[in-house]
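> Mind looking at a prediction? Sequence and model below.
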Amino acid sequence: MLLVIAVFAGFLAGLLRAWLSNQRYEIPQISHSWLVLIAFLPQWLAFYLPATRRSIPDQWAIAALIGSQVLLLIFVWRNSYQPRYRNRLGFWLLGLGLILNLTVILLNGGLMPISPENVSRLVPDAAPGSWQINSRLGTGKDIVLAVDQTRLWWLSDHFLLPLPGRDVAFSLGDIIIAAGAFFVLCVWIRTQSDLIPTDGN
Amino acid sequence: MEYKLHQLKLSLASLDSRHVRIALVLLSLTLFVMGAGAPEMGGDLGR
């Protein structure tokens, strides 16, 4: 949810910036959008759709997550060749955040690690026995791992943000992805200063 | 019914390619961040 908010915050900031500078808001040219749709589909089935996520085995969910993120990485790579430097930066940040998340996922069995302490703070009302260490957390993308058992723990979901009603956990990769999405949408205004010099200056 | 269809066609025609492109980019980035980043905690855990 945090990352979706970042997308719309970037869009609104871009609109505001364009309005304040009296220019028309321009949106980036994105190619291979179909890759995102195809990439998200298995995750939607494995993690989001209540009717299917309970019946999909953990191994399939892991395959869905990794395969999906590899496709998303290809999408970023195909879109990182933007004509303006400031817009390239947004896609580079999206790619960097995704690589960080994918790295810690791959090094920890195929799911995003989260510490038992964080789980206790996030879902204090969880039914007894509904989660345990070294197991997938519910039907989500996380696996509960002690910090000393987690490879590159600092890339895991170890940040907590208290929100009304429910805290959320997120990773360093998530922060960078949020910044990338915000940057892609916020700075996309047609100005001469955005153009990359082609004469080497 | 025919009038409503005509109104719908006019509404769609008023959406130029720029609006469609904005919607497509927003949808793509939203799906991207949902796939690349933080999940809903635990799916249906504790609910």
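Here it is on my side, so go on.
> now the helices for the chain?
Looking at chain A here, since you left the chain open. For chain A, the helices defined by DSSP state H cover A:2-20, A:33-43, A:50-53, A:58-79, A:85-107, A:116-122, A:172-186.
> Chain B was what I was after
Per DSSP H, chain B has helices spanning B:2-14, B:17-36. These are given in chain order.
> The last one vs helix A:2-20, what angle?
Orientation check (axes from the mean of the first three to the mean of the last three Cα atoms, to 10 degrees): helix B:17-36 against helix A:2-20 gives 150 degrees.
> name the helices or strands packed onto helix B:17-36?
Judged by 3 or more Cβ pairs under 8 Å, 6 or more residues apart in numbering or on different chains; DSSP states H and E, helix B:17-36 is in contact with helix A:2-20, helix A:33-43, helix A:58-79, helix A:85-107, helix A:172-186. Any C-beta I mention is one placed from the backbone N, CA and C, and that applies to glycine too.
> So what touches it?
By Cβ atoms under 8 Å, 6 or more residues apart in numbering or on different chains, the surrounding residues in contact with helix B:17-36 are A:3-4, A:6-8, A:11, A:27-30, A:33, A:36-37, A:39-40, A:43, A:48, A:68-69, A:72, A:75, A:94, A:97-98, A:101, A:173, A:177-178, A:181, A:184-185.
> and if you look at stretch A:111-127?
Stretch A:111-127 is contacted from outside by A:61-62, A:65, A:101, A:104-105, A:131, A:133, A:136-137, A:141-147, A:150, A:153, A:156-158, A:160, A:166-169, A:171, B:39, B:41-42, B:45-46, using Cβ under 8 Å, 6+ apart.
> what's the span of it from first residue to last?
With Cα to Cα, to the nearest Å as the measure, stretch A:111-127 spans 22 Å from end to end.
> circling back: just the buried ones from the contacts of stretch A:111-127, in ChimeraX syntax?
Burial among these is assessed by 16 or more other Cβ atoms under 10 Å in any protein chain shown; the matching ChimeraX selection reads:
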select /A:61,62,65,101,104,105,131,136,137,141,142,143,144,145,150,153,156,157,158,168,169,171 /B:39,41,42,45
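> so of the contacts of stretch A:111-127, which ones are in strands?
The members of those that map onto strands under DSSP state E are A:142-144, A:160, A:168-169.
> what subset of the residues you listed is also close to chain B?
Filtering the ones in strands among the contacts of stretch A:111-127 for proximity to chain B (criterion: Cβ under 8 Å from any Cβ of the partner chain) leaves A:142, A:168-169.
> How far does stretch A:175-184 sit from its chain's centre?
Here the centre of stretch A:175-184 is set off from its chain's centre by 9 Å, with Cα atoms, centre = their mean, to the nearest Å.
> Just the mean pLDDT for that stretch, thanks.
For stretch A:175-184, mean pLDDT rounds to 94.
> Can you pull out the low-pLDDT segments for chain A?
A:86, A:188-201 (pLDDT under 70).
> redo that, cut-off 50
Scanning chain A for pLDDT under 50 picks out the ranges A:195, A:198-201.
> For A:R53, give its distance to A:G14.
As for A:R53, its distance to A:G14 is 34 Å (criterion: Cβ to Cβ, to the nearest Å).
> for A:D167, same thing?
Per Cβ to Cβ, A:D167 is found 29 Å from A:G14.
> same deal with B:L29?
From B:L29 to A:G14 the distance is 12 Å (Cβ to Cβ).
> same question, B:S28
Remark: distance between B:S28 and A:G14 (Cβ to Cβ) = 15 Å.
> So, low pLDDT: which residues of chain B?
B:46-47.
> Contacts only, for A:L102.
By Cβ under 8 Å, 6+ apart, the contact list for A:L102 reads A:66, A:69-70, A:73.
> Can you turn the buried part of the residues you listed into a PyMOL selection?
A single PyMOL command selects the buried members of the contacts of A:L102 (16+ other Cβ under 10 Å):
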select buried, chain A and resi 66+69+73
